[in-house]
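1. sequence first, then the predicted structure:
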Amino acid sequence: MGQKKTEYERIRDVWYKKLKDSGFEDIEQPGGSINIGAPRSIHFQEEDLRQITQDYYCMAYHFLNSYEFDSELERVIWDYHTNGLSNRAIGKLLKQTKISKISRDMVWKIVSRLENIMKGLYLSV
């Protein structure tokens, strides 16, 4: 026979059921691991935001293929950016592949500068 549940376990089960019934998806799994595939925000489910994000990355891809970058490092950073990598991931990847020992802050500065140039080229009226 199974053990009797404690008061805490009974209350926890009730609340977990309420959360599940409401559509809540917890990114934390039992044991503390994180479910990477879970949506991080309801905002990403909104059609307008998805379209804006898609348009941004389409524009970024065209910029990658048409802009004359100051260096190969800038082009590689922008390429990673257009593929959705975070600044932290770009910096880490560049260090691991021994391309550059650039910090994520420097990656952010480069991406921000290039993003401003791209917006000036494609969004000017």
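-> Cool, the structure landed.

2. ok, residue 111 - how many residues close by?
-> Around residue 111 there are 19 other residues, counting by other Cβ atoms under 10 Å. C-beta coordinates here come from the backbone N, C-alpha and C atoms, glycine included.

3. secondary structure class for it?
-> Three-state call for residue 111 (DSSP: H, G, I helix; E, B strand; the rest coil): helix.

4. doesn't residue 78 make contact with it?
-> Yes - between residue 111 and residue 78 there is a contact under Cβ atoms under 8 Å: 7.1 Å.

5. if I look at the residue nearest to the spatial centre of the chain, how far off is residue 59?
-> With the centre of the chain defined as its mean C-alpha position, the nearest residue by Cα atoms, centre = their mean is residue 86, 6.0 Å away. Look at residue 86 and residue 59: by Cβ to Cβ, to the nearest Å, they are 19 Å apart.

6. kindly export the helix-or-strand element of the chain with minimal mean pLDDT (C-alpha atoms) in PDB.
-> Lowest mean confidence among the helices and strands of the chain (mean pLDDT, DSSP states H and E): helix 7-21, at a mean of 87. What follows is helix 7-21, C-alpha atoms only, in PDB (Å, rounded to 0.1, in the frame of the first residue of the first chain):
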ATOM      1  CA  GLU A   7      -1.300  18.000   4.100                       C
ATOM      2  CA  TYR A   8       1.300  19.900   2.100                       C
ATOM      3  CA  GLU A   9       1.300  17.300  -0.700                       C
ATOM      4  CA  ARG A  10      -2.500  17.300  -0.900                       C
ATOM      5  CA  ILE A  11      -2.600  21.100  -1.100                       C
ATOM      6  CA  ARG A  12       0.200  21.200  -3.600                       C
ATOM      7  CA  ASP A  13      -1.600  18.600  -5.800                       C
ATOM      8  CA  VAL A  14      -4.800  20.700  -5.700                       C
ATOM      9  CA  TRP A  15      -2.900  23.900  -6.800                       C
ATOM     10  CA  TYR A  16      -0.900  22.100  -9.500                       C
ATOM     11  CA  LYS A  17      -4.200  20.800 -10.900                       C
ATOM     12  CA  LYS A  18      -5.600  24.300 -10.900                       C
ATOM     13  CA  LEU A  19      -2.500  25.700 -12.700                       C
ATOM     14  CA  LYS A  20      -2.600  22.900 -15.200                       C
ATOM     15  CA  ASP A  21      -6.400  23.400 -15.800                       C
END
